[in-house]
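> with the sequence up front, the predicted model follows.
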Amino acid sequence: MQHFPIFLDTAGRRIALAGGGEAALAKLRLLLKTQAELHVYTETPAAEIRTWASEGRLHLHTRTLCADDLRDAVLVYGATEDAAEDARVATLARARGVLVNIVDNLERSAFITPAIVDRDPVTVAIGTEGAAPVLARTIKRDLEERLPASLGLLARLGKAFRSKADALPMGRVRRDFWSAFYFGSGPKAAPAGDAAVNAALDAELALHLAADDRPGHVHFVGAGPGDPDLLTLKARKALDEADVVIHDRLVPQPILELARREAILLAVGKEGFGPSTPQTDIDALLVEHGLAGAQVVRLKSGDAAIFGRLDEELAAVEAAGIGCTIVPGITAASAAAAQIGQSLTARGRNSELRIVTGHDVTGFADQDWAALARPGAVAAVYMGKRASRFLQGRLLMHGADGDTPVTIVENASRPESRIIPSRLSSLAEDMTREATRGPAVMLLGLSPRDVPATLSHPDTQLKEHA
């Protein structure tokens, strides 16, 4: 991020603009919405600028801008549409230490003006680092269609009501009040005007003051294989409302960033044959925050019900009398199969799918090897990287064909994903040679085919072996 987005208080502060043509008019139409003291410097002002000056909306100086004009200025705009003159304005501004924007010249600008959706006092700013103004305008148009004109009214009256809302305790109770107003009673009352909205605020406050505090709740949420776009809508809603997020090691940062900014994030990573947070500690955290009245999201990679020790955590939460909800997620096997362009089941090939783990709490996990070794069998092996030689040996011992395809998909669905085709006879060697670092799923009985771009992540590397 080159340009850091902030909202600058311009009330009563001087903003200088050099220019009097179309570029100046475009900037002034936006700047006139502020409470700034606007000073325009041009020898050839457009008729609209003269009109705004006569109405007292800005100060017009029919000359070029000079250094003394920048005294006490907070921002300067160069909009003369003359490269040499705009460069002079930029030099003057920098000498005075004033932030300057040169229209259509990103290199000479210390700041850029974003596309703005105005629902005063609600303001949405859209920036593209100057790379794609057309894209910013398209996003602006879409947001303007989605955000009702009444949003400004609700925000304005809500702002005036904040001192009364302070009667509610800080935290989730107060957030629930504002959520109920902005997304429930407020929009219903808005068509009737200010008085109706104020009445809705009073009624909502009385309701929340009288109501018992909402009890804590634990949401067991599947984060999916790592691509934020594969999160379910229910998962995103839970993250948006969470007070506490207790997450696995494999949940990537882009998904954690979807949590409410004020939420407490607690990492409770586990790694096979490596450092792990004891399960009893995880259970204790869930109970502690749930009993304290928090909305807790237990965020597990993939699907919470597949090798996620969900039963143990459910038992701990239920024993403490805390309510809970399970939100399924897309499991890694589904993402991996989609990425190699294959179906996990196929008529005439396999009528069942096995999902197995390479190891459990006691070490390498034993399986129904005879069933897995049958021709046409398909299985997804989770947490199998260190167990690859063990799996290979057991399957070959039980009669599996050494040419059985095995596809390893590392970091399924993520930008850094890799597809590694292998065969059972060379599985252990291929795993050692490839040195996978991220989470990997082995798809026994499936080989990658020419993957359509719509199925595979665009950055996926397909590594073919001789």
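Nice, I can see it. Just so it is clear, the model here is predicted, and its values are computed rather than measured.

> okay, CA-based contacts and neighbour counts for the rest of this
Will do.

> stretch 328-348 spans what distance, first to last residue?
End-to-end distance of stretch 328-348 (C-alpha to C-alpha, to the nearest Å): 29 Å.

> which residues are in contact with that stretch?
Applying C-alpha atoms under 8 Å, 6 or more residues apart in numbering, the external contacts of stretch 328-348 come out as 221-225, 230-232, 302-306, 351-353, 378, 380, 409, 412-413, 419, 441, 443, 446-452, 455-457.

> for ChimeraX, write the select line for the buried members of these.
Listed next is the ChimeraX selection for buried residues among those, using 16 or more other C-alpha atoms under 10 Å:
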select :221,222,223,224,225,231,232,302,303,304,305,306,378,380,409,412,413,419,441,443,446,447,448,456,457
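
> just the ones of the contacts of stretch 328-348 in strands?
Val221, Gly222, Ala380, Val409, Ile419, Val441, Leu443 (DSSP state E).

> ok, of those, which one's closest to Arg88?
Comparing the ones in strands among the contacts of stretch 328-348 against Arg88 with C-alpha to C-alpha places Ile419 closest, at 55.6 Å.

> now do the contacts for Arg94.
Listed by C-alpha under 8 Å, 6+ apart, the contact set of Arg94 reads Val100.

> check Asp360 and give its pLDDT.
You'll see Asp360 listed with a pLDDT of 74.

> who does it bridge with?
Gly363 (DSSP bridges).

> pop the domain breakdown of the chain in here.
Segmentation of the chain into domains, based on automatic domain parsing, reads 14-113, 157-210, 217-329, 333-462.

> and the end-to-end length of the second one?
Start to finish, the residues bounding domain 157-210 are 22 Å apart (C-alpha to C-alpha).

> for Arg146, find the nearest of the domains of the chain.
Proximity to Arg146 (C-alpha to C-alpha) singles out domain 157-210 among the domains of the chain, at 13.6 Å.

> about what we covered before: nearest to Gln253, of the ones in strands among the contacts of stretch 328-348?
Nearest member of the ones in strands among the contacts of stretch 328-348 to Gln253, counting by C-alpha to C-alpha, is Gly222, at 14.9 Å.

> beta-bridge partners for the closest one, please?
Following DSSP bridges, Gly222 is listed with bridge partners Lys300.

> just the strands in the stretch 51-200 of the chain please.
59-61, 73-78, 99-102, 115-119, 122-126 (DSSP state E, counting those that start in this stretch).

> any chance of TSV for the ones you listed, columns mean neighbour count and distance to Leu286?
Converted to TSV, the strands of the stretch 51-200 of the chain look like this (neighbours: other C-alpha atoms under 10 Å; distance: least, C-alpha to C-alpha, whole Å):
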stretch	mean neighbour count	distance to Leu286
strand 59-61	18	61
strand 73-78	24	49
strand 99-102	23	49
strand 115-119	19	40
strand 122-126	15	36
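
> got JSON lines for these, with mean pLDDT and distance to Ser163 too?
JSON lines is the format used below for the strands of the stretch 51-200 of the chain (pLDDT from 0 to 100; distance: least, C-alpha to C-alpha, whole Å):
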{"stretch": "strand 59-61", "mean pLDDT": "97", "distance to Ser163": "37"}
{"stretch": "strand 73-78", "mean pLDDT": "96", "distance to Ser163": "31"}
{"stretch": "strand 99-102", "mean pLDDT": "95", "distance to Ser163": "35"}
{"stretch": "strand 115-119", "mean pLDDT": "85", "distance to Ser163": "22"}
{"stretch": "strand 122-126", "mean pLDDT": "88", "distance to Ser163": "19"}
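
> quick one: which of those strands is nearest Tyr41?
Closest of these to Tyr41 is strand 59-61, at 4.9 Å (criterion: C-alpha to C-alpha).

> ok, residues contacting the closest one?
The contact list for strand 59-61 (C-alpha under 8 Å, 6+ apart) reads Glu37, Leu38, His39, Val40, Tyr41, Thr42, Glu43, Ile49, Arg50, Ala53.

> hmm, 10 Å instead?
The contact list for strand 59-61, computed with C-alpha atoms under 10 Å, 6 or more residues apart in numbering, reads 16-18, 20, 37-43, 45, 49-50, 52-54.

> now list the buried members of those.
16-18, 20, 37-42, 45, 49-50, 53.

> just the contacts of strand 59-61: which are in helices?
Per DSSP state H, helices hold the following members of those: Ile49, Arg50, Trp52, Ala53, Ser54.

> export these as CSV, with columns for distance to Val89 and pLDDT.
Conversion of those to CSV gives the following (distance: C-alpha to C-alpha, whole Å; pLDDT from 0 to 100):
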residue, distance to Val89, pLDDT
Ile49, 20, 96
Arg50, 22, 96
Trp52, 23, 96
Ala53, 22, 96
Ser54, 25, 96
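
> helix or strand for Ala315, just tell me which one.
Counting by DSSP states H and E, the element that carries Ala315 is helix 310-319.
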